[in-house]
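Visitor: Kindly generate the corresponding structure for this input.
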Amino acid sequence: MIRFSKILLYATIILLLFWLIPWGYDFVFSKARKNPFILYSTVIDDFALLENNGKKTERKDLKGRYYTESEFDSILPMFYYRQLIADGKFPETIKGVALSPKTVQTENFIFRHHPSDVNREKVALYPLLESMSGRVDLKMPDDVFSIHENGIEFIDMRSNKTDERKSRLYTEAMKKKGFCFPANIIAGNPTTRKDYDEGYLMTDRTGALYHLKQAKGRPYFRKIELPDSMKIKYIFTTEFKNRRYLAFLSDEKNNLYVLYTQTYVIRKSGIPCFDPQKDELSIFGNLFDWTVTLSNPEQDKVYALNADNLQLIKEIDLAELYPDIPRRNFPIRLAFTSLSDKFVFPRIVM
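Guide: Down below sits the predicted model:
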């Protein structure tokens with residue numbers, strides 16, 4: 001018994017050292033990691049970098065050209081359009097495309113994804129908003145729905161009772177379009193803090209993709225054709241102001257796709273790889289281009305995509321551009337938390 005206790009004690013000490021030594025080293029010696037702010041500029045056809053080292057702010061491009069603050073505003077007119085309007089320098093056209101402040105404001109969007117957005121438990125109850133109420137402000141419904149093997153079920157939140165008529169109406173509409181219950185993925189933005197509502201995108205038991213929303217109290221349900229051999233793994237409903245993009249899709253091969261709203265066309269992006277479970281992603285989009293930043297513990301890359309065809313224009317590796325950016329000092333460590341999820345448990349980090 002004493003021998004077993006000693007073995008348990010030594011094992012506990014070793015595990016604690018795997019946790020405490022890397023943590024203590026990082027606490028004492030690690031420096032704050034400061035990545036530059038990077039956007040692709042259609043004006044100069046290059047990335048524009050805003051760096052702040054604590055002493056001064058530098059604005060430059062990858063060719064080494066430096067810019068004043070007003071010059072930097074001018075090479076990024078889609079991002080600094082409000083400052084350019086205030087200065088009376090807002091361009092009327094860029095590369096032959098007519099611009100207006102309203103157009104820029106409508107076409108600009110920001111999308112952010114963190115691994116913890118998908119690495120978490122979800123409550124399988126979803127509110128279905130009215131998408132054609134005729135009112136400017138959206139309103140949360142009095143019920144929520146869930147999807148099980150026999151169909152879709154709407155539950156009144158006050159009485160906690162099933163709305164049999166509504167459940168039957170929507171179940172029949174889904175069955176007519178070939179939906180195979182239950183649902184595999186259900187994705188939407190159940191909030192009123194948006195300009196409009198597009199309901200939910202979902203896949204059925206076979207992996208087929210569908211679009212569900214409520215229009216004037218009636219179900220709108222449509223099947224969306226997928227490219228050959230595409231198997232959807234994650235869906236991110238967007239609902240941007242321009243109403244051009246319905247969602248971003250990720251498949252089992254970690255490809256990133258864009259689903260367009262009116263045509264339901266699915267187009268593959270020029271991003272080489274995106275794993276929603278591991279990668280942090282941000283997209284700054286405008287009428288001409290998208291700046292996509294993808295980062296994980298192993299890499300930090302920035303991509304520029306053509307906004308029309310989503311083809312890759314240019315990419316940079318921040319590890320090569322900034323080799324002095326601090327990285328992980330220990331190849332193996334014990335940790336109890338992770339930036340990728342909200343769970344607390346012992347884990348080995350490689």
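
Visitor: beta partners of the residue nearest the centre of the chain?
Guide: Taking Cα atoms, centre = their mean, the centroid of the chain lies closest to His113, which sits 3.2 Å from it. Beta bridges link His113 to Leu281, judged by DSSP bridges.

Visitor: where along this protein do the helices fall?
Guide: Counting by DSSP state H, one finds helices in the chain at the ranges 2-29, 69-75, 81-87, 101-107, 164-176, 318-321.

Visitor: mind listing what the residue nearest to Asp204 when sequence neighbours are not counted touches?
Guide: Of all residues not flanking Asp204 in the chain, Cys180 sits nearest, at 4.4 Å (Cβ to Cβ, 6 or more residues apart in numbering). The C-beta positions use only the backbone N, C-alpha and C, and glycine is treated the same way. Cys180 is in contact with 204-206, 208, counting by Cβ atoms under 8 Å, 6 or more residues apart in numbering.

Visitor: Also Met230?
Guide: Met230 neighbours (Cβ under 8 Å, 6+ apart): 251, 257, 266.

Visitor: again, but for Asp87
Guide: 70, 73.

Visitor: coming back round to it: now the buried members of the contacts of Cys180.
Guide: The neighbour-count test (16 or more other Cβ atoms under 10 Å) marks 204, 208 as buried among these.

Visitor: Quick check on the contacts of Met230: which are buried?
Guide: 251, 257, 266.

Visitor: Contact partners for the last one?
Guide: Residues touching Ile266, when contacts are defined by Cβ under 8 Å, 6+ apart, comprise 224, 226-227, 230, 249, 257-260.

Visitor: got it, and the first one?
Guide: Contact partners of Asp251, counting by Cβ under 8 Å, 6+ apart, are 230-233, 257.

Visitor: which intervals of this protein have sub-threshold pLDDT?
Guide: 1, 15-34, 54, 324-345, 347-350 (pLDDT under 70).

Visitor: make it 80
Guide: 1-6, 8-35, 53-55, 322-350 (pLDDT under 80).

Visitor: how about Ala187, what does it touch?
Guide: Here Ala187 is in contact with 200-202, 234-237, 247 (criterion: Cβ under 8 Å, 6+ apart).

Visitor: how many neighbours does Asn189 have?
Guide: Applying other Cβ atoms under 10 Å, we find 17 residues neighbouring Asn189.

Visitor: taking the buried ones among the contacts of Met230 one by one, which sit in strands?
Guide: Among the buried ones among the contacts of Met230, the ones falling in strands (DSSP state E) are 251, 257, 266.

Visitor: Wait, Leu246 touches Phe236, no?
Guide: No. Leu246 is beyond contact range of Phe236, at 10.2 Å (criterion: Cβ atoms under 8 Å).

Visitor: the more surrounded of the two?
Guide: Legend: neighbour count by other Cβ under 10 Å for Leu246 and Phe236, higher for Leu246 (25 against 19).

Visitor: For the closest residue to Ile110 other than its chain neighbours, give me its contacts.
Guide: Distance criterion Cβ to Cβ, 6+ apart; nearest residue to Ile110, sequence neighbours excluded, is Phe284 at 5.8 Å. Phe284 makes contact with 39, 79, 108, 110, 290-291, according to Cβ under 8 Å, 6+ apart.

Visitor: Could you export the buried ones among the contacts of Met230 to a markdown table, including columns for distance to Leu318?
Guide: Below are those laid out as a markdown table (distance: Cβ to Cβ, whole Å):
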| residue | distance to Leu318 |
| --- | --- |
| Asp251 | 26 |
| Tyr257 | 25 |
| Ile266 | 30 |
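
Visitor: Just want to check the distance between Phe284 and Trp290.
Guide: In this structure, Phe284 and Trp290 are 7 Å apart, going by Cβ to Cβ, to the nearest Å.

Visitor: Do I have it right that Ala247 meets Ile232?
Guide: No. In this structure, Ala247 is not within contact of Ile232 by Cβ under 8 Å, at 10.0 Å.

Visitor: hmm, back to that, name the nearest of the contacts of Asp251 relative to Asp143.
Guide: Checking those against Asp143 with Cβ to Cβ, the nearest one is Ile232 at 27.1 Å.

Visitor: I'd like to know how many residues surround the closest one.
Guide: 23.

Visitor: Look up which residues are beta-bridged to it.
Guide: Beta-bridge partners of Ile232, as defined by DSSP bridges: Asp251.

Visitor: for it, what are its contacts?
Guide: So Ile232 contacts 185, 203, 207, 209, 226, 249-251 (Cβ under 8 Å, 6+ apart).

Visitor: Count the residues that sit near Asn160.
Guide: 7.
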